[in-house]
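> Prediction below, plus the sequence it came from.
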Amino acid sequence: MAVSDELIGFVRDALTRELSRPQIEEALKQAGWNRKQVDGALATFAVVDFPIPVPRPRPSLSAREAFMYLLLFTTLYIVAFNLGSLLFQFINRAFPDPASPLSEIQFRESIRFSVSSLIVTFPVFLYMSRLTSRATHVDPNKRASPVRRWLTYLTLFVAACVLIGDFTSLVYSLLGGELAVRFVLKVLTVGLIAGTVFGYYLSDLRLDEREV
């Protein structure tokens, strides 16, 4: 959550007058500021023995950082989509639909495209994951990177929408009595991929909030 300059200025003045952090926190809460805003303002200044408040370094956005995270999340979406497409084709092959049979050429072309995409993008995704993890390990302040948090929340939003749509389709088919094996397997496939992505980045975001 962004902290206003007014709140940061108040905390700076209060620390300059040698008021304790619990006193500042209590005064701000009584004034109506919520806990996250108060904690964010207090965290702006380091707890060090110095005559004046010492500010902590603020996370900034660089072109290199934006490139790394955009590439990371883009490859994540491509990997997730093509993995789902690949599994869908195997499900269609194992449980064919008599109304719309899948030709051998269509099956092979779809498999080849999905496998090709995974061969190219999955190593890139792993490499970018390693680079970004190493960067945040060396400098924990990078966990508060604006582009990282925005893309993480966007990924959570997309995954949540996919899960909601996935289970809505399942319930709709269940109520209509049209629950075929191939449909259930496809729903489980989508749910597993989207649920894994959602769970991983939600836990990662919670770790960010604790550490930052």
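Okay, I see it.

> quick one: buried residues of stretch 9-23?
The neighbour-count check on stretch 9-23 (16 or more other Cβ atoms under 10 Å) flags Phe10, Val11, Arg12, Ala14, Leu15 as buried. Every C-beta, even on glycine, is put in place using the N, C-alpha and C of the backbone.

> packing partners for the helix or strand where Leu83 lies?
For Leu83, the element it lies in under DSSP states H and E is helix 63-94. Applying 3 or more Cβ pairs under 8 Å, 6 or more residues apart in numbering; DSSP states H and E, one finds that helix 63-94 makes contact with helix 104-138, helix 146-175, helix 181-211.

> just to revisit the earlier point, adding pLDDT and secondary structure, write the buried residues of stretch 9-23 out as a markdown table.
What follows is the buried residues of stretch 9-23, written out as a markdown table (pLDDT from 0 to 100; DSSP: H, G, I helix; E, B strand; the rest coil):
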| residue | pLDDT | secondary structure |
| --- | --- | --- |
| Phe10 | 88 | helix |
| Val11 | 87 | helix |
| Arg12 | 88 | helix |
| Ala14 | 88 | helix |
| Leu15 | 88 | helix |
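
> Any regions of the protein where pLDDT drops low?
Scanning the chain with the threshold set as pLDDT under 70 gives 1-3, 58-61, 99, 101-102, 141, 178-179, 208-212.

> Identify the residue nearest the geometric centre of it.
In the chain, the C-alpha nearest the mean C-alpha coordinate belongs to Thr152, at 2.6 Å (Cα atoms, centre = their mean).

> wait, that residue sits on Arg206?
No - contact criterion Cβ atoms under 8 Å: Thr152 and Arg206 do not qualify, at 10.8 Å.

> For Ser85, find the nearest of the helices and strands packed on helix 63-94.
In terms of Cβ to Cβ, the element of those nearest to Ser85 is helix 104-138, at 4.8 Å.

> Domain map for the chain?
5-55, 63-211 (automatic domain parsing).

> mind listing what's buried in stretch 73-88?
73, 75-76, 78-80, 82-88.

> Which pair in those has the greatest spatial separation?
Checking the buried residues of stretch 73-88 with Cβ to Cβ, the most distant pair is Phe73 and Phe88, at 22.5 Å.

> quick one on the thing from earlier: off-centre distance for the helix holding Leu83?
How far helix 63-94 lies from its chain's middle: 14 Å, per Cα atoms, centre = their mean, to the nearest Å.

> And stretch 42-62, by the same measure?
27 Å.

> got it, and stretch 140-159?
For stretch 140-159, the distance to the chain centre is 5 Å (Cα atoms, centre = their mean).

> what's next to whichever helix or strand Gly9 is part of, contact-wise?
Per DSSP H and E: Gly9 is located in helix 5-16. Here helix 5-16 makes contact (Cβ atoms under 8 Å, 6 or more residues apart in numbering) with 21, 23-24, 27-28, 33, 37, 41-42, 44-45, 52-53.

> could you flag which of those are buried?
Buried among the contacts of helix 5-16 by 16+ other Cβ under 10 Å: Ile24, Leu28, Trp33, Gln37, Ala41, Leu42, Thr44, Phe45, Pro53.

> I'd like the distance between the last one and Arg64.
Read that as Pro53. Applying Cβ to Cβ, to the nearest Å, the value for Pro53 to Arg64 is 31 Å.
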